[in-house]
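**Q** Provided below for reference: sequence and predicted model.
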Number of protein chains: 2
Amino acid sequence: MATGQGVTEPTTSWDPYERGCPSRDVLDRIGDKWTVLVLGELGRHGVCRYTQLRKQLSGVSEKMLTQTLRALERDGIVRRTVYPTVPARVEYALTPLGQTLREPLRALTEWSTRHIAEVLAAREEYDTNAERVS
Amino acid sequence: MATGQGVTEPTTSWDPYERGCPSRDVLDRIGDKWTVLVLGELGRHGVCRYTQLRKQLSGVSEKMLTQTLRALERDGIVRRTVYPTVPARVEYALTPLGQTLREPLRALTEWSTRHIAEVLAAREEYDTNAERVS
DNA sequence: CGGTATCCTGGACGATACTG
DNA sequence: CAGTATCGTCCAGGATACCG
């Protein structure tokens, strides 16, 4: 919704990837497999180390966890702090910008938990009717 | 964030795809390329015909538009009405459930437009520092 | 007008091995 | 401990052609 809002002529035809679209940028980031889960852990625990995150998000590969964290760091949403001990110790935390993302994500998560039952019911009905036809 | 909230033991290790996760379901849907844009059009115009949507979302292929609309219909978020005239006339609109999605999506869109400048600035700084290193 | 059907490609994602 | 490097797979998404 409202992807074109406040950008340029919302009522005119418009390719989201031609001009820069803020919502597209953000959705491309949070739409991937692990970003929201990582933000969730950082939101709950405040500060997390790499291995800690790996354990919380069981199933994430090292490659994807690193990639996700790097992307978030690059976007200024997560801060990465390296302590030059041996062995190295790295801590991840939300930046102030990252904190501001919590509320909109919470809204979306709340919608999900509140309405998932309706969605699943609709899905089942749709599939049932489809098989009546075939 | 909060992907595991209210599901099962948020503090325990957990693979988002093993058990059903409402947030994953929803993110998988709205994270794709066209869903949010389609919902935006339907939110603004109330009722849209197929070709109308195609023109608004320039760049969308027939396949993807149909696929996106079908998925939303299956989830009970969009209602599809066929008028058996010749040639056929099909109208799409948000269901009541779809209406409730507007607010959380609006929150996310507003975050995007409000903070995109900070994100882009962070990105540029990150890339600049990276190239200093290499 | 409002779609299906088919083929194809790039990139997201995962598995595994290795390293400062 | 916290990664990097490499390879392989799968599928979202696009191009094109055809249809009731």
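**A** Arrived safely, thanks for sending.
**Q** show me where chain A has its strands.
**A** For chain A, the strands defined by DSSP state E occupy A:47-49, A:78-83, A:89-94.
**Q** would TSV of these with mean neighbour count and distance to residue A:60 be doable?
**A** Backbone N, C-alpha and C define where each C-beta goes, glycine included. Converted to TSV, the strands of chain A look like this (neighbours: other Cβ atoms under 10 Å in any protein chain shown; distance: least, Cβ to Cβ, whole Å):
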stretch	mean neighbour count	distance to residue A:60
strand A:47-49	16	13
strand A:78-83	14	15
strand A:89-94	16	13
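**Q** tally up the residues packed near residue A:55, please.
**A** Neighbour count for residue A:55, taken as other Cβ atoms under 10 Å in any protein chain shown: 13.
**Q** up against DNA strand C, what does chain A have?
**A** A:32-34, A:59-64, A:87-88 (Cβ under 7 Å from any atom of the strand).
**Q** out of the residues you listed, which comes closest to residue A:52?
**A** residue A:60 (12.1 Å; Cβ to Cβ).
**Q** my read: that closest one touches residue A:34, true?
**A** Yes - taking contacts as Cβ atoms under 8 Å, residue A:60 lies within contact range of residue A:34: 5.6 Å.
**Q** pull the contacting residues for the closest residue to residue A:80 other than its chain neighbours.
**A** Spatially, and ignoring its direct neighbours in sequence, residue A:80 is nearest to residue A:73 (5.0 Å; Cβ to Cβ, 6 or more residues apart in numbering or on different chains). The neighbourhood of residue A:73, defined by Cβ atoms under 8 Å, 6 or more residues apart in numbering or on different chains, consists of A:79-80, B:126.
**Q** repeat for residue A:26
**A** Per Cβ under 8 Å, 6+ apart, neighbours of residue A:26: B:108, B:111-112, B:116, B:119.
**Q** give me the pLDDT value at the residue lying closest to residue A:45 once chain neighbours are set aside.
**A** Sequence neighbours aside, residue A:52 is the residue nearest to residue A:45 in space, at 7.8 Å (criterion: Cβ to Cβ, 6+ apart). Looking at residue A:52, its pLDDT stands at 97.
**Q** what about residue A:52, how many residues nearby?
**A** Neighbours of residue A:52 (other Cβ under 10 Å): 14.
**Q** give me the beta-bridge partners of residue A:83?
**A** When assigned by DSSP bridges, residue A:83 has beta-bridge partners residue A:89.
**Q** my read: residue A:83 touches residue A:89, true?
**A** Yes - contact criterion Cβ under 8 Å: residue A:83 and residue A:89 qualify, at 4.3 Å.
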